[in-house]
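Asks: Coordinates for the following, if possible.
(chains A and B)
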Amino acid sequence: MMKADVSRVSYRSELALLATGAVALVILALLPPYIGLYQTQLLTYGLIAAIAALGFNLLLGYTGLLSFGHSAFFGIGAYTIAFLLRDLNIHMMEAYMAIGLPIVALASALFGYISVRHTRIFFGILTLSLSQVLYSLALKLFWVTGGTDGLRVARPSLLFGLIEFTGAGSFQRFIGTYYYYVLGVFAICVVLMWVIVHSPFGKALQAIRDNETRAAFLGIRIRRSRLIAFTISGTFTGLAGLLWAPLNGLATPDVLYWPFSGEIVFTAVLGGFRNFTGPIVGGIVFTYLKTYAVATTPYWQLLLGEVLVVLVIMLPTGIVGTLAHPGATLRSLARTSIDLSLRSIGVLVMLAAFNWWLILYGRAGDLREVAECLVATADRCTSAGPPILMWTGFAILALGLILQMRGLRARAGAPMKSPAPAE
Amino acid sequence: MILLRTVNLRKQFGDTIACDNLNFVVNQGEFLSLVGSNGAGKTSLVNLISAHLTPDSGQILFEDKDITLATVAQRIKAGIARSFQIVNLFDGLSVFDNVSLSIFSREGKAVRMASLAQHDQAVRSETLEVLGQFGLAAMSSVKAGGLAQGERKLLDVAIAYALRPKLLFLDEPTSGVSTREKAQIMDTVSSVVRAGQVTAVVIEHDMDVVFRYSDRIVMMHEGRFLADGTPDEIRANKDVASILLGAPLSA
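Replies: Below you'll find the model as predicted:
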């Protein structure tokens, strides 16, 4: 009787997940009237970033391949729309996707064919190099691509021309409608990706990630599986590029440049690449984080870099991983030695103080002013908070270093254990 | 009836001859132990037969078909599977998924991406059956990375067994476990293998285990076969005793 219960397929977990997803979708659908136009636009960017990260994570989280070239597929998607609009005068979003997705899939398959023969750093470098070839072409072939100016992308019609955006208030109507369009595509992407990673193929990818040799000895074709994963991954990211271009209104070489690939990696790490929802959360959070960092200080890359440092030191499983298993995160932190903990906390407190300064004074764009506040209380450095925090952080760091030195000295001075003398 | 035969199989690493023109025969249905000191060439021989290594010369015949140039996947399809000396599991996957993946691969379903792995009733039933045979059913939802060493060894064999091979190579299935666990593992493995009528070739160092479970024992030394016989014949062989005790071989 028991065996029958265990062996029967249960749909309970899928139904629970479907219900949770439906609730999340309804909440997202109800948001726009309450959050206003700007936040709706921002959230649309967030959903697009989530689609890109979802695709990227099929490679990183599920196949164990770290690509530094996914900006290429995002860029191909964005430029495809720009070319279709300029050269073929196509204004329909569905046509963009019908033509753009096969192009992105083909490009992904080509990049993948070259890259998946290698793993680890070689794979990363190859993907990075290939994407930078595209960036250079976009930059240099300015008579085709518009060079650094990029190409303008007008607002397309949606749902096979049923919804057009012209005349007064078209921007507002576009943002309001496009949000739901992107939300619909996002929901389809989430379901598709969920099925893929829970399919036998998805399990095979995870097996390749964990143990390539053993997977081969089960008869799994490693290179072919990686190539398929790469193609799907690139296509998802390319779809994000297709959705992004009309919202941004411009396709520029920036989205083909390697720092944009870094942002996609950041997104997955931020949310947590070891779980399915991590990249989704990471995509949305990163969009807000970057937007507010850019608005806060000209040194916004510094802020994002610090967030990455904190993530790697304190929350290696990302936002979702930490929230899902807070106990494991705390236990992991508790296992860290006291001196290492103090050094980490000291650095983090100092970074927090530095950020405080950046927010207070960095808006003017002069990093020197911020540095001056560190060593002397100039008139303009009116707030006492940052220096106090900075020196507190320094004191914690110093304590950590002292404890580390004492520990090293104690170990160096300890006598070697010798066998007990015979009686 | 001969299941596997190698003809003058040779593999050399630099100056070291790992397999020196070996003519190895495995009969259908037997539980064969491959023994010998470290560096004798046991694992190299298994690696050659399972396509983990390419031979310098010689032939490998499986069911009278030449598989010398066959790929790993082709050999698995033909019916050859193996486990590894160092446990090779998919630590991020559950125990259930570790075994079910073997079945998906065997059935040619490992490329399916439009259906959920958990919902394949036939694969699910077979996976639970295999896990039950190896005493791992209670741990089916545990991540493989969280298993104890003895359980990991059993799962390693279960993954290979789930491919339903005709010939199963087990490379030191009891290494790194306690004496009590050794007996448990070998009892389980030998009973499952014999019940499934699978021919097994086990590389093993523990001679108590070898003598207790084997139908036939082949002793290797410096890339060559030193002795081949039943446990009683091997026990009586002076050369084998010399190797095991570290004494010089008889002239």
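Asks: packing partners for the strand or helix carrying residue B:26?
Replies: Taking DSSP states H and E as the definition, residue B:26 sits inside strand B:25-27. Secondary-structure packing of strand B:25-27 (3 or more CB pairs under 8 Å, 6 or more residues apart in numbering or on different chains; DSSP states H and E): strand B:2-13, strand B:199-203. No exception for glycine: its C-beta is placed from N, CA and C like everyone else's.
Asks: Could you spell out the sheet neighbours of the very next helix or strand once past it, each with its direction?
Replies: Downstream of strand B:25-27, the next assigned helix or strand under DSSP H and E is strand B:31-35. Applying DSSP bridges, strand B:31-35 is found paired with strand B:199-203 (parallel), strand B:216-221 (parallel).
Asks: Kindly report the residues of the stretch 101-250 of chain A close to chain B.
Replies: A:195-196, A:198-204, A:206-207, A:209-211, A:213-221, A:225, A:228 (CB under 8 Å from any CB of the partner chain).
Asks: Let's see the PyMOL selection covering just the buried ones among those.
Replies: Buried residues among these (16 or more other CB atoms under 10 Å in any protein chain shown), as a PyMOL selection:
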select buried, chain A and resi 196+198+199+200+201+202+203+204+206+207+209+210+211+214+215+216+217+218+219+220+221+225+228
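Asks: Within range of chain A, give me the residues from the stretch 101-250 of chain B.
Replies: When proximity is defined by CB under 8 Å from any CB, the stretch 101-250 of chain B lies next to chain A at B:101-102, B:104-106, B:109-121, B:124-125, B:128, B:132, B:137, B:140, B:159-160, B:163.
Asks: Low-confidence stretches in chain A?
Replies: A:1-10, A:329, A:332-337, A:361-382, A:411-423 (pLDDT under 70).
Asks: swap in the stretch 101-250 of chain B?
Replies: B:244-250.
Asks: show me where it has helices.
Replies: Secondary structure of the stretch 101-250 of chain B (DSSP state H, counting those that start in this stretch): helices at B:121-133, B:149-161, B:179-195, B:207-213, B:231-236, B:238-245.
Asks: Which residues are in contact with the most centrally placed residue in chain A?
Replies: With distances taken as CA atoms, centre = their mean, residue A:267 lies nearest the centre of chain A, 1.4 Å away. Applying CB atoms under 8 Å, 6 or more residues apart in numbering or on different chains to residue A:267 gives the contacts A:49, A:52-53, A:56, A:279, A:282-283, A:286.
Asks: buried subset of those residues?
Replies: Buried among the contacts of residue A:267 (16+ other CB under 10 Å): A:49, A:52-53, A:56, A:279, A:282-283, A:286.
Asks: Check those residues and tell me the two furthest apart.
Replies: A:56 and A:286 (12.0 Å; CB to CB).
Asks: Just the buried ones among the contacts of residue A:267: which are in helices?
Replies: The helices, defined by DSSP state H, take in A:49, A:52-53, A:56, A:279, A:282-283, A:286 from those.
Asks: Kindly present those as a markdown table, with separate columns for distance to residue B:196.
Replies: Below are these laid out as a markdown table (distance: CB to CB, whole Å):
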| residue | distance to residue B:196 |
| --- | --- |
| A:49 | 51 |
| A:52 | 48 |
| A:53 | 45 |
| A:56 | 43 |
| A:279 | 43 |
| A:282 | 47 |
| A:283 | 48 |
| A:286 | 52 |
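Asks: ok so, going back, run through the buried ones among the contacts of residue A:267 and flag the ones next to chain B.
Replies: Near chain B, by the rule CB under 8 Å from any CB, you find none of the buried ones among the contacts of residue A:267.
Asks: Sort out which one of these lies nearest residue A:20 for me.
Replies: residue A:279 (17.0 Å).
Asks: Next up, the contacts around the closest residue to residue B:175 other than its chain neighbours.
Replies: Spatially, and ignoring its direct neighbours in sequence, residue B:175 is nearest to residue B:85 (6.7 Å; CB to CB, 6 or more residues apart in numbering or on different chains). Residue B:85 makes contact with B:43, B:171-172, B:175, B:203, according to CB under 8 Å, 6+ apart.
Asks: Could I get the phi/psi values of residue B:85?
Replies: phi -60, psi -50 (degrees, to the nearest 10).
Asks: Now do the same for it: its pLDDT.
Replies: Residue B:85 carries a pLDDT value of 78.
Asks: re earlier: mind giving me the PyMOL command for buried ones among the residues of the stretch 101-250 of chain B next to chain A?
Replies: In PyMOL, this line selects whichever of those come out buried by 16+ other CB under 10 Å:
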select buried, chain B and resi 101+102+104+105+106+109+110+111+112+113+116+117+118+120+124+125+128+137+140+159+160+163
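Asks: residue contacts, residue 40?
Replies: No chain in the question, so chain A it is. Residue A:40 neighbours (CB under 8 Å, 6+ apart): A:31-32, A:175-176, A:179.
Asks: my bad, chain B
Replies: By CB under 8 Å, 6+ apart, the neighbours of residue B:40 are B:220-223.
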